Structures are given as C-alpha cells and as structure tokens.
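>>> Kindly generate the corresponding structure for this input.
(one chain, ligands or ions: 2)
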Amino acid sequence: MTFTGEVADAAAAHALGPDYVRAVGKVITSHVRNELAGATVFDEPAIALAPGPREKWLACRIAMEEYGHHLKFQRLASELELDGGGGPTLSVFDYRLTSWADFVVLKALVDLAEVVLMEELAATSYLPLRDLVARLLPEEHFHVSFGMAATRELLAGGDEAPAAVQRTVDDLVRFTVPFFGRSGSANNEAFRYWGVKQRTNDAARAEWLARAGAFVEGDLGLCFPDVEPQWAG
Ligand SMILES: [Fe+2]
Ligand SMILES: [Fe+2]
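Ligands and ions are numbered 1, 2, ... in the order given. Got it, this is the predicted structure:
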C-alpha cells in the first residue's frame, strides 16, 4: 500500500507523522541547497563571463531567479520547521565553469534536468510544494530555452564551435548523470511510498537522457554520449 492522499500544509504534514515530514523534507531541503549552489557557482559568475550588455542582462535575470528559487524553497523548509542549510550539494556543482559558452550549454542541459525533476513534483502529495513548482517551472523552462537558443547561436559562430560545444556536452552529461540519485535508492523508495515523487531515479534519468539526447543529436547535430539510465553511485 502506498499513500495516495494530498497534504494541504505543514500542520497536515506533521499530523501525518515524522516519516512523511522526513520524505518531503529531504526533497525540499535538497532544492534549498542546490538552487543556492547553482546560483553561486554558475549563474552569478556567468554575469562576469557574459560578452555584452544583453547577455549580462539575461545572466542577471537568471541569477536573480535562481537565488529566488533558493529563497522560496527555504520558506517551505521553514514552514515545516526544517533546517535546509546542511548536507551535501550535487556533484554537478563540481563542474568548473570557465566561459560564457560553457554557461549556455549548461543551462540547456543541467536546467533541463531540473525541469524533469520539477515536472514530477507538479503532482507531489505535498500541496505547498506542488504550488511552488507550478510557479517556478516557467522560469526553469525559460532557462532551458535560453540555453538551447544560445547554444544554437554558438554553433553558427565558426569552424571551431562544434568541437568546443561537443566537449562541453560530453563533460556536462558526465557531471549530470548523478543528479537524479542512485539506482535502487532507499530515499526514492520513501518518496514514492508517500506520493512525494512518482518515478524511480532511473526513470527520471532516462527521461532526461531522452530529452537531452534529442536536443544534442536531433537539434544540434552533435553526438550524445552513450550513457545508461542506471547509476550505482
Ligand atoms: Fe532553479
Ligand atoms: Fe534554472
């Protein structure tokens, strides 16, 4: 038996018990940490890397939105009386961003991973989280479409461009595979038991691989690395 109800607010979550609060809390505090990590190591540095005023304006907007995502997830964590600060961030944040070109490819691929995660949370049992992701998804979709359009422009920029974009794609795919968590994760089992999520980590990863692969191969005409949806950690 799995939980199929809807949980209206923090009081209802606590009434359901500590296991529910722990499950939904892990998902929320992971976003608290990772939205902040992304804004700090990718989006804010991208403002300085941006080549001109229009790109700087776009990078400022994206950084503002990502810091905003952190603050909004932090508010949900506070309502549940959770401390969102501690714990590890995802390994994708170990990627070293060195150019504006890296940044735009990163927005196309890594924010697409975030979109895949958020789309699943649009049906989560915890209604405040469902409402929040419904408000944030248009901004994440904008980050992805910005990244995809800017990557297409890069490819039109000269003979060196395809090889450079291909290298960034290869690196970023490798860094993003762990983003969805391990195959057979006990956390994911609890998330599915409580209706916080619906899919296994591997199913979410397979969805991202399919969409990212369609962009890289179908749209850009480059090679998508050969990656399995299973990841043992
Ligand atoms: Fe975000
Ligand atoms: Fe984003």
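>>> drop to CA atoms for contacts and neighbour counts, all remaining ones
Will do.
>>> where does the residue of the chain found nearest ligand 2 land in three-state SS?
Proximity of the chain to ligand 2 (Cα to the ion) peaks at residue 140, 4.4 Å away. Three-state call for residue 140 (DSSP: H, G, I helix; E, B strand; the rest coil): helix.
>>> wouldn't it be in contact with residue 115 here?
Yes. Applying Cα atoms under 8 Å, one finds residue 140 in contact with residue 115, separated by 6.2 Å.
>>> contacting residues around the residue of the chain closest to ligand 2?
111, 112, 114, 115 (Cα atoms under 8 Å, 6 or more residues apart in numbering).
>>> just those residues that are near ligand 2?
Within the set of the contacts of residue 140, contact with ligand 2 (Cα under 5 Å from the ion) is found for residue 111.
>>> In CSV, list the contacts of residue 140 along with secondary structure and neighbour count.
Below are those laid out as CSV (DSSP: H, G, I helix; E, B strand; the rest coil; neighbours: other Cα atoms under 10 Å):
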residue, secondary structure, neighbour count
111, helix, 21
112, helix, 23
114, helix, 20
115, helix, 22
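>>> just the contacts of residue 140 now: which is nearest residue 80?
Comparing the contacts of residue 140 against residue 80 with Cα to Cα places residue 114 closest, at 22.7 Å.
>>> tell me the mean pLDDT over the strand or helix carrying residue 132?
Assigned by DSSP states H and E, residue 132 belongs to helix 127-155. What helix 127-155 shows for mean pLDDT is 98.
>>> Contacts for the helix or strand that that helix is followed by, please.
Sequence-wise, the next helix or strand downstream of helix 127-155 (DSSP H and E) is helix 161-176. Helix 161-176 is touched from outside by 91-92, 94-95, 101-102, 105-106, 109-110, 113, 151, 154-155, 222-225, with contacts defined as Cα under 8 Å, 6+ apart.
>>> and with 10 Å instead?
90-97, 101-106, 108-111, 113, 151-156, 205, 208-209, 212-213, 216, 220-227 (Cα atoms under 10 Å, 6 or more residues apart in numbering).
>>> Can I get the buried part of those as one PyMOL selection?
Filtering those down to the buried ones (16 or more other Cα atoms under 10 Å) takes a single PyMOL command:
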select buried, resi 90+92+93+95+97+101+102+103+104+105+106+108+109+110+111+113+151+152+154+155+205+208+209+212+213+216+220+222+224+225
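>>> What about the contacts of helix 161-176, which are in helices?
101-106, 108-111, 113, 151-155, 205, 208-209, 212-213 (DSSP state H).
>>> Now the closest residue to residue 126 other than its chain neighbours. Its backbone dihedrals?
Using Cα to Cα, 6 or more residues apart in numbering and skipping residues adjacent in sequence, the residue nearest residue 126 is residue 7, 4.8 Å away. Note on residue 7: its backbone torsions stand at phi -120, psi 110 [degrees, to the nearest 10].
>>> residues in contact with residue 7?
Listed by Cα under 10 Å, 6+ apart, the contact partners of residue 7 are 13, 14, 15, 16, 20, 124, 125, 126, 127, 128, 129, 195.
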